[in-house]
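K.L.:
A structural model of the following input is requested.
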Amino acid sequence: MSKQWQQDQSFDRIAKKFEKNIYGTTKGRLRHELLLHYLQQHLPAGPLDCLDAGGGTGVMAKALAEMGHKVLVNDISADALDLARAKFEGEIQVNFHCGPLQSLDSHNQFDLITCHAVLEWLSDPYEALNALFDRLKPGGYLSLSFFNLDAHRFSNLLYGNFDYVDKEFVVSNRVRLNPNKALAPAEVIDFLKAEDFAIRHQAGIRCFHDYMRDKSMQNSHYEQIKAKEIQFGTTHPYLWLGRYFHLLAVKPES
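P.N.:
Sure, this is the predicted structure:
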């Protein structure tokens, strides 16, 4: 097993700040609610055995548990998992694993693996995808969301950050809460298809919200924005503009 995961981003010591910065804003709220909407729309009925890979402070895991699923929350940050545990108060359907996802027993396979806003923090996201493939049952569902490279380039060109784009988004003083490795949706889709995964769903996440000229509307018109994200987020050309991209793929049976 590669040791590149040792360079992956951990949110130890800043887990509370991370949760506030993400889920205390309309950006994080909208991302979470859209992902949950699509999961509820496309997942099969019945309780599933789920792995929330890079599950952080347990926001998605809590939603999955409330849907009746059994969940294992995995994260490299012990501080994040402490915040996650506090959300469940002894819920027997939820367990926790602290460490890189590659350290999970590959013999323990799942009906559903969620990996949301994780790949962009990893030193080798495609190695991590291979590790996820190994831990998914044949016919199991893989829910991926990741920071969209194409939308990242598009938004920075709109803002006039030409030097940043020319330098391929490399800066000398990186902000710790900014994702490290945006991924191109087409490349991730090709990677999944090369492993014979069937793409059941794809959508842009925050196709419009982040581009609002009047940022105050992100709060004042939140429900209208969300409705339009759902209406247009799975259609061309808008899905490719989402700041995050969501894929739901099914592992081949054999």
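
K.L.:
the strands in the stretch 101-250 of the chain, which residues?
P.N.:
In the stretch 101-250 of the chain, the strands defined using DSSP state E, counting those that start in this stretch lie at 110-116, 136-147, 198-205, 244-250.

K.L.:
TSV for these, including distance to residue 182, mean neighbour count and mean pLDDT?
P.N.:
Where C-beta positions appear, they are placed from N, C-alpha and C, glycine not excepted. Below are the strands of the stretch 101-250 of the chain laid out as TSV (distance: least, CB to CB, whole Å; neighbours: other CB atoms under 10 Å; pLDDT from 0 to 100):
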stretch	distance to residue 182	mean neighbour count	mean pLDDT
strand 110-116	15	24	98
strand 136-147	4	21	98
strand 198-205	13	19	98
strand 244-250	10	24	98
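
K.L.:
Out of these, which gets nearest to residue 26?
P.N.:
Each of these has some distance to residue 26 by CB to CB; the shortest is strand 198-205, at 12.7 Å.

K.L.:
Just name whatever secondary elements the closest one is in contact with.
P.N.:
Secondary structure elements in contact with strand 198-205, counted by 3 or more CB pairs under 8 Å, 6 or more residues apart in numbering; DSSP states H and E, are helix 26-42, helix 185-194, strand 244-250.

K.L.:
from the chain's centre, how far out does it sit?
P.N.:
For strand 198-205, the gap between its own C-alpha mean and the chain's C-alpha mean amounts to 13 Å (CA atoms, centre = their mean, to the nearest Å).

K.L.:
Direction included, what does it pair against?
P.N.:
According to DSSP bridges, strand 198-205 forms sheet pairs with strand 244-250 (antiparallel).

K.L.:
and the angle from the partner strand to helix 26-42?
P.N.:
Here strand 244-250 runs at 20 degrees with respect to helix 26-42, directions being taken by axes from the mean of the first three to the mean of the last three CA atoms, to 10 degrees.

K.L.:
Please tabulate the strands of the stretch 101-250 of the chain in JSON lines, including the columns distance to residue 155.
P.N.:
Converted to JSON lines, the strands of the stretch 101-250 of the chain look like this (distance: least, CB to CB, whole Å):
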{"stretch": "strand 110-116", "distance to residue 155": "20"}
{"stretch": "strand 136-147", "distance to residue 155": "11"}
{"stretch": "strand 198-205", "distance to residue 155": "13"}
{"stretch": "strand 244-250", "distance to residue 155": "12"}
